[in-house]
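A.B. asks: model the following, please.
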Amino acid sequence: MISIKVNNVKFYVKPDISVLEACKYLGITIPRFCYHEILSVAGNCRMCLIELENIEKPVASCVTNVENGMSIWVNTPFVKKARENVIETLLLNHPLDCPICDQAGECDLQDQTKNFGSNYTRFSFNKRGVEDKNCGPLIKTIMTRCIHCTRCVRFGSEIAGVDYLITLNRGTSTEIGSYAPKLFDSEISGNVIDLCPVGALTSKPYAFKARPWELRLNESIDITDGVGSNIYVNFKESEVSRIMPKANSLVNESIISDKARFSYDAIKNNRIKNLFEYNNQDSKFSLQNWNGFFEKVHFLSKDSLTILINDRLDLETISLVKKLNFTYPNKIKVKTVNKDKSENNFYTSGLTDNIIDIESETNVCFLLSSNPRLESTILNARLRFKYKNSKFQVFSLGQTFSANIPTNFVNLNITNIVKCLEGKISLFSKMVLLSKSPLFFLGESLKTSFSNFDILPSFIKSKFRSAKVIKINSACNTESVSLSNIKRANRKDLGKSTNVMFVNLDDLLGLRKLLKGFNGKSIWFNTHGSKIATKSNFIIPTLTSFEEEQVLLNLEQRPQKTNKTFDSFFNARSIKNILLSIFNMKNDKNNASLGFIYEILENSEKFESLNTKLLTQKQLLEKYNDSSSTIVVYPTKSSIEDFYCSNVFTRNSLVMLQCSQLKRNNFTNFEA
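C.D. replies: Alright, predicted model coming up:
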């Protein structure tokens, strides 16, 4: 620690940090435009000027490191006059269009002009205009407002890995743009909206919809992938206006994916608004009410029933259907519909590591049948950030893909990957064994390649004691399905059942193959319709994550909760409440088996010290390591082919569909 003086008050701070960072830790705010915590230091806006003792000119605090005995002044008349001159220079060409700007009320330039700006202008010449750029359907640009802080340029180059925005020309002709008009091809491109301190880059779907002071705010989590990014939901009455990231250093830092930010229009698009019953006489669907539905489904408690779920269902509902399985063991079966080839499904707490472990002292990362750019954009951004700030290598053991991180592709099938981990491939295995705390990403497509996938993290840790293993899940609640030990469905299960419940499923090819030849009665529970829904006897509307509280486990098994933003304006209900009413059960709010999860929800810091292991590594290896594992020799590929349309919710978003179409139109089968 070193001692410094700020406004003649002595403090002790860490060495090798900038004056701006030191003041931030001390609770002293220094205005800035170009500086941001997740970006490199540019030092070009000059708004963070301060006064140092024995130095005649003001200096930029973001590029000046603290020194022992340094004396700093941050609010003297000299500093205030320097900042006033900076604001006056920025406003020379800035348009006076605050009343029609979407950034009005949240604009850093407005705030700093209020604090340090003048009440009048000393210049009367015409302002310079800049042509707007086309960044795609997500980002609206009005480049005349740009103050050239270069936050967007550094974000694209350093974190997104796409050199789309660059600085053009010099001097008074400087502007931000691209060499050629094209799509901002990044899965996290929307974050430049939050980074832009003025109204140059704003959200195109949000344009002219609401003012910040008209919006209400609610905290929630993203359900479009397995990370569970923390988000703020801004809504006006019963309509979501925009979604913004909530900073969480343990999960998503301060960025979110474009799916999380822009797919909210699916809340209304193609929603199932009412209950429908299929009439066999005229072969048409007719409207039904809740009372009539509950009267007609009492047959479910008498006949054999199979409840098909997937890994987007919330934890409490999964625990309820599992309880139904225990209550009616001979009549009700609960199965999951996913791509898992394994017959077993185990919850292996403690065998995988946390997201924050990406920042550990590791020098190499191995992607096993994984494309993190599509499957988990937040993890990919963390890898990109680590690559830019340390000596770090990435190896992909599988087919090639378009990566935004320099990646060494080693095209191995599953058999050779296992041999490599066992040390049977001389050159490559030696490199793996000599690496320092290797980081392994296990892609979801590995589940389709060989059975007993759940022993793979334990197998890797037994070979590499210091290894960090992270499983990538494309769905928001895959770990809850493993926690409940729900087996994968097959045709034999459906052949023995006379009734089937489709609970929150995606209409995919695998489900259609599974139902081939099934002639029993079926009920479709979902927020949106599908082709399979039109072949069901009942179509039941359910609630989205914006309309009810849901407990979910992300890919590191961290429990998080979505908060209810508003009531549904459709005739929809919670799946949990519907099942309770059908089977005349009471809501068990004191579920002892999930007690530790609810405890973590109330005190999230307990997750880091959690020692509960429902199935330890030793037990797993002793019991299941000797069981035969079927390995598929076909080449591996990513579990997600279209980033923007990865589940039923995003496929019903018009914004995501437009992005997907533009992405396909711009696709080429060769590297530029």
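
A.B. asks: tell me where the model's unsure across the stretch 451-600 of the chain.
C.D. replies: 451-452, 493, 495-496, 509, 517, 588-593 (pLDDT under 70).

A.B. asks: make it 80
C.D. replies: 451-456, 458-459, 462-463, 465, 485, 489-498, 507-520, 569, 585-596 (pLDDT under 80).

A.B. asks: ok, which stretches of it are strands?
C.D. replies: Secondary structure of the stretch 451-600 of the chain (DSSP state E, counting those that start in this stretch): strands at 468-471, 499-503, 521-526, 538-541, 550-553, 559-562.

A.B. asks: report all helices and strands that the second one contacts.
C.D. replies: Read that as strand 499-503. With contacts taken as 3 or more CB pairs under 8 Å, 6 or more residues apart in numbering; DSSP states H and E, strand 499-503 sits against strand 305-309, strand 521-526. Every residue, glycine included, has its C-beta placed from N, CA and C.

A.B. asks: which one, of the strands of the stretch 451-600 of the chain, ends up nearest to residue 17?
C.D. replies: Nearest to residue 17 among the strands of the stretch 451-600 of the chain is strand 468-471; the distance by CB to CB comes to 27.5 Å.

A.B. asks: list the helices and strands that closest one packs on?
C.D. replies: strand 439-442, helix 456-463.

A.B. asks: how about the strands of the stretch 451-600 of the chain in TSV, adding distance to residue 457?
C.D. replies: Formatted as TSV, those follow (distance: least, CB to CB, whole Å):
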stretch	distance to residue 457
strand 468-471	5
strand 499-503	28
strand 521-526	32
strand 538-541	37
strand 550-553	16
strand 559-562	20
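
A.B. asks: out of those, which gets nearest to residue 190?
C.D. replies: For the strands of the stretch 451-600 of the chain, proximity to residue 190 was assessed by CB to CB; strand 559-562 is nearest, at 20.1 Å.

A.B. asks: just checking: what are the partner strands of that closest one?
C.D. replies: Take DSSP bridges as the rule and strand 559-562 pairs in its sheet with strand 550-553 (antiparallel).

A.B. asks: how far away from the center of its chain is the partner strand?
C.D. replies: How far strand 550-553 lies from its chain's middle: 14 Å, per CA atoms, centre = their mean, to the nearest Å.

A.B. asks: what sits up against that strand?
C.D. replies: In this structure, residues lying in contact with strand 550-553 by CB atoms under 8 Å, 6 or more residues apart in numbering are 221, 223, 228, 314-316, 476-480, 483, 559-562, 597-598, 601.

A.B. asks: now do stretch 424-431
C.D. replies: Residues outside stretch 424-431 that contact it (CB under 8 Å, 6+ apart) are 410, 416, 419, 420, 421, 422, 423.

A.B. asks: mind redoing it with 7 Å?
C.D. replies: The contact list for stretch 424-431, computed with CB atoms under 7 Å, 6 or more residues apart in numbering, reads 410, 416, 419, 420, 423.

A.B. asks: circling back to that earlier point, of the helices and strands packed on strand 499-503, which is nearest residue 467?
C.D. replies: Ranking the helices and strands packed on strand 499-503 by proximity to residue 467 (CB to CB) places strand 305-309 first, at 32.2 Å.

A.B. asks: and that closest one, what other elements does it pack with?
C.D. replies: Applying 3 or more CB pairs under 7 Å, 6 or more residues apart in numbering; DSSP states H and E, one finds that strand 305-309 contacts helix 315-327, strand 332-336, strand 499-503.

A.B. asks: go through the helices and strands packed on strand 499-503 and name the closest to residue 260.
C.D. replies: Across these, closest to residue 260 is strand 521-526 (CB to CB), at 20.5 Å.

A.B. asks: what lies in contact with the closest one?
C.D. replies: Contacts of strand 521-526 (CB under 7 Å, 6+ apart): 272, 498-505, 532-533, 536-540, 542, 575, 648.

A.B. asks: next one: stretch 27-46
C.D. replies: Contacts for stretch 27-46 (CB under 7 Å, 6+ apart): 6, 20, 23, 47-48, 50, 60-63, 74, 83, 86, 108, 112, 147, 149-151, 154-155, 158-159, 195, 197, 253-254.

A.B. asks: wait, isn't residue 255 in contact with residue 382?
C.D. replies: No: judged on CB atoms under 7 Å, residue 255 makes no contact with residue 382 at a distance of 9.5 Å.

A.B. asks: which one of these two is surrounded by more residues?
C.D. replies: Taking other CB atoms under 10 Å, residue 255 and residue 382 do not tie; residue 255 has more neighbours (24 against 21).

A.B. asks: quick check: phi and psi at the more buried one.
C.D. replies: Backbone torsions of residue 255, given as degrees, to the nearest 10, read phi -130, psi 150.

A.B. asks: neighbours of the residue lying closest to it once chain neighbours are set aside, just the number please.
C.D. replies: Once flanking residues are discounted, residue 255 sits nearest to residue 191: 4.7 Å by CB to CB, 6 or more residues apart in numbering. For residue 191, the neighbour count with other CB under 10 Å is 24.

A.B. asks: then residue 274?
C.D. replies: With neighbours defined by other CB under 10 Å, the count for residue 274 comes to 14.

A.B. asks: how near is it to residue 481?
C.D. replies: Per CB to CB, to the nearest Å, residue 274 is found 30 Å from residue 481.

A.B. asks: can you check residue 281 too?
C.D. replies: Distance, residue 281 to residue 481, using CB to CB: 39 Å.

A.B. asks: my guess is residue 504 contacts residue 312. True?
C.D. replies: Yes: in this structure, residue 504 is within contact of residue 312 by CB under 7 Å, at 5.7 Å.
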